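[1] give me a 3D structure for the following:
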Amino acid sequence: MTIRKIFLLTSFLFFTVFLFILVKNSFALHKKSFVRTNRKLNILKGKRIVIKSGCIRCHSFVKRKRIDNIVTLAGWGNKNLSLKQTEKAIRSCRMDPYCSQILTNKQVKYIAYYLNSLK
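    Predicted structure coming up:
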């Protein structure tokens, strides 16, 4: 084999490996972004959300229960609030201060999305 054939063969192999890695990574990134988007859409549509720990007693959120069919929250007055304002309202809940303190930031965001989706 000549040097030119060896060079072409190795460059072709490197190119195919590079292309394989590129396609594999782009598919994995697409799959992760789809999962995140789908989860966010489910929250925005008011579908079921599992809160793993903590509760907000005054808003009928119960530890390790699914949030669904809560019609009492529709009159909560959150329809004109932004997500940040809703999160602040959840954090400043005085019915049970311990509950609002043990919720993680992610759980507060989930609850805020859910409350703002009730329209």
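[2] for the helix or strand Ile111 falls within, what does the pLDDT average out to?
    In this assignment (DSSP states H and E), Ile111 forms part of helix 105-117. Helix 105-117 carries an average pLDDT of 75.
[3] next: stretch 5-21.
    88.
[4] start the count at 346, not 1, going forward
    Sounds good: first residue 346 from here, last item stretch 350-366.
[5] still on that earlier bit, what residues sit buried inside the helix holding Ile456?
    Within helix 450-462, the residues scored as buried using 16 or more other Cβ atoms under 10 Å are 452-461. Any C-beta I mention is one placed from the backbone N, CA and C, and that applies to glycine too.
[6] would you mind giving the domain segments of this protein?
    Per automatic domain parsing, the structural domains of the chain span 346-389, 394-464.
[7] got the CA positions of the helix holding Ile456 in PDB?
    Output of helix 450-462 as PDB, limited to C-alpha atoms (Å, rounded to 0.1, in the frame of the first residue of the first chain):
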ATOM      1  CA  ASN A 450     -36.300  25.400  45.700                       C
ATOM      2  CA  LYS A 451     -37.300  22.800  43.100                       C
ATOM      3  CA  GLN A 452     -40.400  21.900  45.000                       C
ATOM      4  CA  VAL A 453     -41.400  25.500  45.400                       C
ATOM      5  CA  LYS A 454     -41.000  26.000  41.600                       C
ATOM      6  CA  TYR A 455     -43.200  22.900  41.000                       C
ATOM      7  CA  ILE A 456     -45.900  24.200  43.300                       C
ATOM      8  CA  ALA A 457     -45.700  27.700  41.700                       C
ATOM      9  CA  TYR A 458     -46.100  26.300  38.200                       C
ATOM     10  CA  TYR A 459     -49.000  24.200  39.400                       C
ATOM     11  CA  LEU A 460     -50.700  27.200  41.100                       C
ATOM     12  CA  ASN A 461     -50.300  29.400  38.200                       C
ATOM     13  CA  SER A 462     -51.700  26.800  35.800                       C
END
